[in-house]
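In: Quick one, fold the following:
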Amino acid sequence: MKALAIAGANLTRMGRDRLGLFFVVLLPIILVLYLGLQYGSSFSPKIGVHAEVPGVLGDQLIAGFGEIEPEAWGVVRFADEAALRDAVERGAVDAGLALPDRYDERVRAGETVEVEFLSPAGKVGIGIQETVRGIVAEQAARVRAARFAAAETGGSVGDQLAAVAEIEPTLPDLSVSTETAGSEIFPRELLGFALGAQSQLILFVFITSLTGATQLILTRTLGVSRRMLSTPTSSATILLGEALGRFGVAMIQALIIVIASALAFGVAWGDPLGTAAVVIAFSLVGAGAAMLIGAVASNPEQAGAIGLVGGLGFAAVGGCMVPPEVFPPIMQTISHFTPHAWAIDALRALAVHDANLFGVLPQVGVLAAFAAVLLGLATWRLRAALAG
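Out: Sure thing, here's the model as predicted:
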């Protein structure tokens with residue numbers, strides 16, 4: 001019970017640190033959102049349209065965006081071209097399309113009609129532009145067919161456009177099949193928010209644990225540990241309580257990321273037992289690393305610096321900053337000298353390969369070995385410090 005009371009005191013101190021709570025609760029979720037938008041989250045383009053009197057053909061051209069992928073494209077109409085241009089410049093819409101006056105009439109008359117396309121520089125604008133080109137080209141093909149039929153039969157272009165609309169659905173479709181050559185860098189299960197959620201889980205559990213070592217330094221320097229030893233409390237109880245406190249901080253950080261990413265972004269973590277085993281094992285690693293820093297650092301400032309630099313360094317090498325899938329072979333080998341790489345391997349197996357608890361036991365075993373070594377060294381060093 002005394003060990004649990006010591007651990008509870010550590011968690012209470014964490015809850016009173018408002019700045020620390022920002023890094024524990026909000027920052028990881030913000031980064032998961034940002035990385036999810038970078039690595040393949042869904043994109044629903046919004047295009048602005050201006051047309052004074054679009055006519056039937058103009059309305060059909062605009063309706064073509066909804067036929068690409070239902071509910072994927074958003075169309076916003078603007079009263080004048082100046083408002084459309086302003087919306088594109090401000091980013092209110094991803095691109096703009098302006099149809100000239102008398103669009104329908106001029107197209108039916110066979111005139112060359114220019115459609116104005118507006119977009120900011122970048123890949124998104126180029127992609128939307130190609131889509132607009134395709135929609136315009138499809139309508140141009142229908143008009144050419146109608147004008148040819150009208151010239152041959154002597155009918156009107158409007159009548160022949162109606163005939164083209166009836167005939168077009170009966171024509172054979174042109175299908176395009178795609179095949180991936182080689183292997184994908186990122187499995188489809190990781191596209192979206194899963195990739196960021198996994199990396200931020202490992203990154204923040206470790207960094208939060210290491211920066212929490214400052215509390216252990218304060219406990220020593222302020223004489224709290226010595227006062228506890230003056231009571232009927234053994235050094236083993238004090239060490240266990242401090243270790244449980246570090247472990248509790250790491251677990252709270254992990255649970256926040258796992259639950260929030262699953263509820264807010266739909267991240268699938270895989271087998272619950274396997275995920276729990278990985279989270280617990282890595283939280284023990286973080287607790288051991290924090291205890292070791294708290295044992296060797298001489299003041300809170302030094303502990304904070306070691307924790308921040310060490311946490312970011314291990315995260316970079318272990319594949320939390322850059323996905324390990326893009327590492328060259330030699331770097332992938334080096335990364336497995338860190339516990340981070342083993343934890344990421346386990347999370348990948350759970351999410352991508354549908355592994356269960358037994359499938360990630362090798363990685364969990366390695367993480368447990370890391371934790372045992374770190375906790376053993378920290379206990380030995382702290383016991384000596386308390387005895388001195």
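In: tell me the SS of the spatially closest residue to Arg77 that is not a sequence neighbour?
Out: Counting by C-beta to C-beta, 6 or more residues apart in numbering, Arg77 lies nearest to Val49, which is 5.3 Å off, once chain neighbours are set aside. C-betas here are computed from N, CA, C, even on glycine. Using DSSP: H, G, I helix; E, B strand; the rest coil, the three-state assignment for Val49 comes out as strand.
In: which residues sit in contact with Val49?
Out: Contact analysis of Val49 by C-beta atoms under 8 Å, 6 or more residues apart in numbering lists 62, 75-78, 84, 96-99.
In: run the last query once more with 7 Å
Out: 62, 75, 77-78, 97 (C-beta atoms under 7 Å, 6 or more residues apart in numbering).
In: With secondary structure as extra columns, can I get these in TSV?
Out: Below are those laid out as TSV (three-state DSSP):
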residue	secondary structure
Ile62	helix
Val75	strand
Arg77	strand
Phe78	coil
Leu97	strand
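In: confidence score at Ala289?
Out: In this model, Ala289 is scored at 89, pLDDT.
In: where does this protein dip in pLDDT?
Out: Low-confidence segments of the chain (pLDDT under 70): 1-25, 34-44, 68-72, 122-124, 176, 178-192, 218-236, 238, 384-388.
In: domains in this protein, as residue ranges please.
Out: 2-39+192-387, 46-168 (automatic domain parsing).
In: How far away from the center of its chain is the shortest one?
Out: Centroid separation between domain 46-168 and its chain, computed with C-alpha atoms, centre = their mean, to the nearest Å, is 35 Å.
In: okay, how far is it across that domain, tip to tip?
Out: Using C-alpha to C-alpha, to the nearest Å, the end-to-end distance of domain 46-168 comes out at 28 Å.
In: any chance you could map the helices in the stretch 1-150 of the chain?
Out: With DSSP state H, counting those that start in this stretch as the criterion, the stretch 1-150 of the chain has helices at 2-16, 18-21, 27-38, 55-68, 81-90, 103-108, 123-153.
In: deepest of those, which one?
Out: helix 103-108 (a mean of 19; mean count of other C-beta atoms under 10 Å).
In: Quick one: list the elements packing against it.
Out: Judged by 3 or more C-beta pairs under 7 Å, 6 or more residues apart in numbering; DSSP states H and E, helix 103-108 is in contact with helix 55-68.
In: Mind doing that once more with 8 Å?
Out: Contact here means 3 or more C-beta pairs under 8 Å, 6 or more residues apart in numbering; DSSP states H and E; on that basis helix 103-108 packs against helix 55-68, helix 157-167.
In: list the buried ones in stretch 324-341?
Out: For stretch 324-341, burial by neighbour count (16 or more other C-beta atoms under 10 Å) applies to 324-325, 327, 335-336, 338-341.
In: Now go through those and say which are in helices.
Out: Within the buried residues of stretch 324-341, residues falling in helices by DSSP state H are 335, 339-341.
In: can you tell me which two in the residues you listed are farthest apart?
Out: Farthest pair in these (C-beta to C-beta) is Ser335 and Pro339. Separation: 10.4 Å.
In: Excluding residues flanking it in the chain, which one is nearest Gly96?
Out: The shortest distance from Gly96 to any non-neighbouring residue, by C-beta to C-beta, 6+ apart, is to Leu118 (3.7 Å).
In: Which helix or strand contains Leu240?
Out: helix 235-265 (DSSP states H and E).
In: ok, and for that helix, which residues are buried?
Out: Neighbour counts over helix 235-265 (16+ other C-beta under 10 Å) mark 235, 237-254, 256-258, 260-261, 265 as buried.
In: Need phi/psi at the residue nearest to Trp269 when sequence neighbours are not counted.
Out: Nearest non-adjacent residue to Trp269, counting by C-beta to C-beta, 6+ apart: Thr275, 4.6 Å away. The phi and psi values for Thr275, taken as degrees, to the nearest 10, are phi -60, psi -40.
In: Could you double-check that Thr275 lies in contact with Leu347?
Out: Yes - with contact defined as C-beta atoms under 8 Å, Thr275 reaches Leu347; the gap is 7.5 Å.
In: Measure how buried the nearest residue to Asp271 once chain neighbours are set aside is and give me the count.
Out: Nearest residue to Asp271, sequence neighbours excluded (C-beta to C-beta, 6+ apart): Asn356, at 4.5 Å. Asn356 has 14 neighbours, counted by other C-beta atoms under 10 Å.
In: three-state assignment of Asn356?
Out: coil.
In: Could you pull up the residues touching it?
Out: 271, 273-274.
In: Name the nearest of those relative to Glu130.
Out: The closest of those, once distances to Glu130 are taken by C-beta to C-beta, is Asp271, at 41.7 Å.
In: hang on, the closest one packs against Ala355?
Out: Yes - using C-beta under 8 Å, Asp271 makes contact with Ala355 at a distance of 6.8 Å.
In: sorry, back to before: for the buried residues of stretch 324-341, which one is nearest Thr153?
Out: Using C-beta to C-beta, the buried residues of stretch 324-341 come closest to Thr153 at Glu325, 60.2 Å.
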